[in-house]
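>>> Sequence first, then the predicted structure, then my questions.
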Amino acid sequence: MLGKNCNIFIFFNQILQLRCLRSYVIPDQLFIRNYLAGVVLGRSGGMIQQLFLPFYFGVGGPVGSGKQSMPWIHLQDVVGLFEHALHNSSVTGVMNGVAPQIITNAQFAKAFAAALWRPAFMPLPTLILNLMFSEERAKIMTEGQKVRPDKAISTNYKFKYPDIESACAEFAHLFAKK
């Protein structure tokens, strides 16, 4: 596997920027697996790194209306799903890299704020998103889609963080745990 000094979040973040990763494994035959990732959550980078301080200081909240679905997955489950797919020949085709709990952006904001013992009442308006990012990227952030990890569940993958509360509790701390 990866060495001790490898920052796994940076490694997987770079891979998942492609949004669709093809991994090739050649035991007796060729298996092609497509991995579609939701928002990857982890303390070491990505969205949580950008949201941590606003939420920590009590000015965090949902994006836009907060009603949009937010397919998400904890970083440790991303790693777990890759390992599961590599060691399980029944995993073929597309695997959705998302947690089994379907949530809205407002539910995420509430859970993250609660894990930090902070309020989550200050939404980020769509107009501000349009100014900060392109209109297209803002649209992606304000319009979600419901995605289920059917392949992971049907091939008996056991999620380490199946719900947003347990995931937020793991990465909601000011300094990284040793």
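Perfect, thanks for sending it.
>>> and whatever helix or strand residue 152 lives in, what does it pack onto?
Secondary structure assignment for residue 152, by DSSP states H and E: helix 150-154. Here helix 150-154 touches strand 93-97, going by 3 or more CB pairs under 8 Å, 6 or more residues apart in numbering; DSSP states H and E. Backbone N, C-alpha and C define where each C-beta goes, glycine included.
>>> any idea how far the strand it packs on is from the chain center?
Centroid separation between strand 93-97 and its chain, computed with CA atoms, centre = their mean, to the nearest Å, is 14 Å.
>>> Going by neighbour count, which residues in it are buried?
By 16 or more other CB atoms under 10 Å, the buried positions in strand 93-97 come out as 95, 96, 97.
>>> pLDDT wise, what is the first one at?
It refers to residue 95. With respect to pLDDT, residue 95 has a value of 87.
>>> Quickly list what it is bridged to.
On the basis of DSSP bridges, residue 95 takes part in beta bridges with residue 35.
>>> circling back to that earlier point, from the buried residues of strand 93-97, which is closest to residue 76?
Ranked by distance to residue 76 (CB to CB), the buried residues of strand 93-97 are led by residue 97 at 12.0 Å.
>>> wait, doesn't residue 101 sit right on residue 162?
Yes. The pair residue 101 / residue 162 is scored as a contact, 6.2 Å apart, by CB atoms under 8 Å.
>>> Wait, residue 114 touches residue 108, no?
No. The pair residue 114 and residue 108 does not pass the contact test of CB under 8 Å, sitting 10.7 Å apart.
>>> Which residue of the two possesses the greater neighbour count?
residue 108 (23 against 16; other CB atoms under 10 Å).
>>> what mean pLDDT does stretch 137-151 have?
The average of the pLDDT scores along stretch 137-151 is 86.
>>> hey, C-alpha coordinates of it in PDB?
Once non-C-alpha atoms are left out, stretch 137-151 reads as follows in PDB (Å, rounded to 0.1, in the frame of the first residue of the first chain):
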ATOM      1  CA  ARG A 137     -19.500  26.200 -10.800                       C
ATOM      2  CA  ALA A 138     -22.000  28.000  -8.500                       C
ATOM      3  CA  LYS A 139     -24.800  26.100 -10.200                       C
ATOM      4  CA  ILE A 140     -23.000  22.800  -9.400                       C
ATOM      5  CA  MET A 141     -22.800  23.900  -5.800                       C
ATOM      6  CA  THR A 142     -26.500  24.900  -5.500                       C
ATOM      7  CA  GLU A 143     -28.000  22.000  -7.400                       C
ATOM      8  CA  GLY A 144     -27.400  18.600  -6.000                       C
ATOM      9  CA  GLN A 145     -28.300  15.100  -7.000                       C
ATOM     10  CA  LYS A 146     -29.200  12.100  -5.000                       C
ATOM     11  CA  VAL A 147     -26.700   9.300  -5.500                       C
ATOM     12  CA  ARG A 148     -26.700   5.900  -3.700                       C
ATOM     13  CA  PRO A 149     -23.800   3.500  -3.200                       C
ATOM     14  CA  ASP A 150     -25.700   0.500  -4.600                       C
ATOM     15  CA  LYS A 151     -22.700  -1.400  -5.900                       C
END
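>>> Understood, closing this out.
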